[in-house]
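Q: okay, structure incoming, though there's no sequence with it:
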C-alpha cells in the first residue's frame, strides 16, 4: 500500500452516524459493513489511473484483511458484509478465488448512496462507492471509518474499535 495517494476527509460521511441501515442488508446485532469501489477481475484491466485516485486501490487487500480477521470479528459479536457497486457475478468469482467467508452484497444501482447518502466517485463513466466502513447496532449506524487508509489496516482498526466499544 506504499506510494498510494491518501484520501482526505471531505466530510461526505459526516451525516451517516444515526442513519437507519436499509432492511435489504443483512441483519445483525452488530453489523460491520465495509464498502469498497471494486475488486480486480482476472483478464480485465483496472480503470486508467486507478492507483492515482486517492482511496481507490486496495479493495482486494481490504477484503482479505476482513477475511483474515473474520473469526476475531465474529468473536467480538460482529457480522461482516462487503458492499460494492460491482455486478454480483464478479463478486461471486472474487469470493470463490479469495475464499471470502462473509457475504458480498452487489449494489450496482447504488441504492445505499440514494437511501443513506454513501459517497461515490466516477471513473471511466462508472459511478462507484468511495471506500468506507460502518458499524451498525440496532440497525442504526454507530461508527464510521472514513476515509479508510490504508485499506489493508481497516479490519484491524474495526476490531480495535469493537474491543473498546463492546455492545
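A: The structure has been received and is ready for your questions. Here the structure is a predicted model, which means the values were calculated and not measured. Numbering: from 1, shown residues only.

Q: please, where are all the strands along the chain?
A: 30-35, 79-84, 104-106, 120-123, 126-129, 132-137, 140-145 (DSSP state E).

Q: so how far is residue 141 from residue 13?
A: 9 Å (Cβ to Cβ, to the nearest Å). Where C-beta positions appear, they are placed from N, C-alpha and C, glycine not excepted.

Q: can you check residue 106 too?
A: Residue 106 sits 20 Å away from residue 141, going by Cβ to Cβ.

Q: more neighbours: which of these two?
A: With neighbours defined as other Cβ atoms under 10 Å, residue 106 and residue 141 compare such that residue 141 has more, 20 against 16.

Q: what sits against the more buried one?
A: By Cβ atoms under 8 Å, 6 or more residues apart in numbering, the contact list for residue 141 reads 16-21, 116, 134-135.

Q: which of the residues you listed are buried, as a PyMOL select command?
A: Selection of buried members from the contacts of residue 141 for PyMOL, criterion 16 or more other Cβ atoms under 10 Å:
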select buried, resi 16+19+21+134+135
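
Q: looking at this structure, which helix or strand is least sure?
A: Taking mean pLDDT, DSSP states H and E as the measure, the chain has helix 88-98 as its least confident helix or strand, at a mean of 93.

Q: elements contacting that helix?
A: helix 59-68, strand 104-106 (3 or more Cβ pairs under 8 Å, 6 or more residues apart in numbering; DSSP states H and E).

Q: buried set for the first one?
A: It refers to helix 59-68. 59-67.

Q: relative to residue 125, which of the residues you listed is nearest.
A: Proximity of those to residue 125 (Cβ to Cβ) peaks at residue 59, which lies at 19.1 Å.

Q: that closest one contacts residue 35, doesn't it?
A: No - Residue 59 is beyond contact range of residue 35, at 10.2 Å (criterion: Cβ atoms under 8 Å).

Q: give me the common contacts of the two.
A: Counting by Cβ under 8 Å, 6+ apart, the residues touching both residue 59 and residue 35 are 84, 131.

Q: ok, how many other residues are close to the closest residue to residue 84 other than its chain neighbours?
A: In this structure, residue 84 finds its nearest non-sequential neighbour in residue 36, 5.4 Å apart by Cβ to Cβ, 6 or more residues apart in numbering. A count of nearby residues for residue 36, using other Cβ under 10 Å, gives 28.

Q: please apply the same query to the one 5 residues further on.
A: The tally of other residues near residue 41 (other Cβ under 10 Å) stands at 16.

Q: also residue 88?
A: Neighbours of residue 88 using other Cβ under 10 Å come to 13.

Q: in the sheet, who's paired with the spatially closest residue to it that is not a sequence neighbour?
A: Computed as Cβ to Cβ, 6+ apart, the closest residue to residue 88 that is not its neighbour in sequence is residue 106, at 3.9 Å. Following DSSP bridges, residue 106 is listed with bridge partners residue 84.
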